[in-house]
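K.L.:
How does the following fold in three dimensions:
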Amino acid sequence: MTEPSAAARPAVSTLTLLPTGWTLPVAADQSLLEAALAAGITLPSSCRNGTCRACICRIDAGGVDYRVAWPGLSLEEKAEGWTLPCVALPRGDVTLVQPLARRTEDEPMPSAPHKLMP
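P.N.:
Residues are numbered from 1 along each chain as shown. Reported below is the predicted structural model:
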């Protein structure tokens, strides 16, 4: 799916991460990954454009639209509830199953951004 207009999405949704139960706000223009990072939660990620699949996880509840027309998921994966949080925009409240989620204070972060791909 392509990105719907911001008016079609709630101004703020809630993202819940399982199995931790952490909840955080997601603005209408934020991807689920961006919202997690803004809340001090690290999720697996690399490309941030929907192609590498490093962030893939399951949607337990809720729905998403995508910033890109064809994120790196097959139709079958989408039907099974898989998503790419780096390009996923919430349609409302969303619950993801992501056991690798970590609070940034629990895990050292690089002091300066580094380029992962040329």
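
K.L.:
which parts of the longest helix along the chain are buried?
P.N.:
In the chain, assigned by DSSP state H, the helix with the most residues is helix 32-38. Residues Leu32, Leu33, Glu34, Ala35, Ala36, Leu37 are the ones in helix 32-38 that count as buried (16 or more other Cβ atoms under 10 Å). Placement of C-beta: from N, CA and C, glycine included.

K.L.:
Quick one: distance of that helix to the chain centre.
P.N.:
Here helix 32-38 is found 7 Å from its chain centre; the criterion is Cα atoms, centre = their mean, to the nearest Å.

K.L.:
and what of stretch 92-110?
P.N.:
Using Cα atoms, centre = their mean, the offset of stretch 92-110 from its chain centre is 10 Å.

K.L.:
And the strands in the chain, which stretches?
P.N.:
12-18, 22-27, 41-42, 57-61, 64-66, 82-83, 88-90, 94-97, 102-103 (DSSP state E).

K.L.:
which one of these lies closest to Asn49?
P.N.:
Smallest distance to Asn49 across the strands of the chain (Cβ to Cβ): 10.8 Å, for strand 64-66.

K.L.:
on that earlier part again, so which of the buried residues of helix 32-38 comes closest to Ser46?
P.N.:
The closest of the buried residues of helix 32-38, once distances to Ser46 are taken by Cβ to Cβ, is Leu33, at 10.7 Å.

K.L.:
so what's that closest one up against?
P.N.:
Residues near Leu33 by Cβ atoms under 8 Å, 6 or more residues apart in numbering: Leu43, Ser45, Arg48, Cys55, Pro85, Cys86, Ala88.

K.L.:
Ala88 now?
P.N.:
Contact analysis of Ala88 by Cβ under 8 Å, 6+ apart lists Ser31, Leu32, Leu33, Val64, Asp65, Tyr66, Arg67, Pro71, Val94.

K.L.:
Rank those residues by pLDDT and give me only the lowest.
P.N.:
Lowest in pLDDT among the contacts of Ala88 is Pro71, which has 81.
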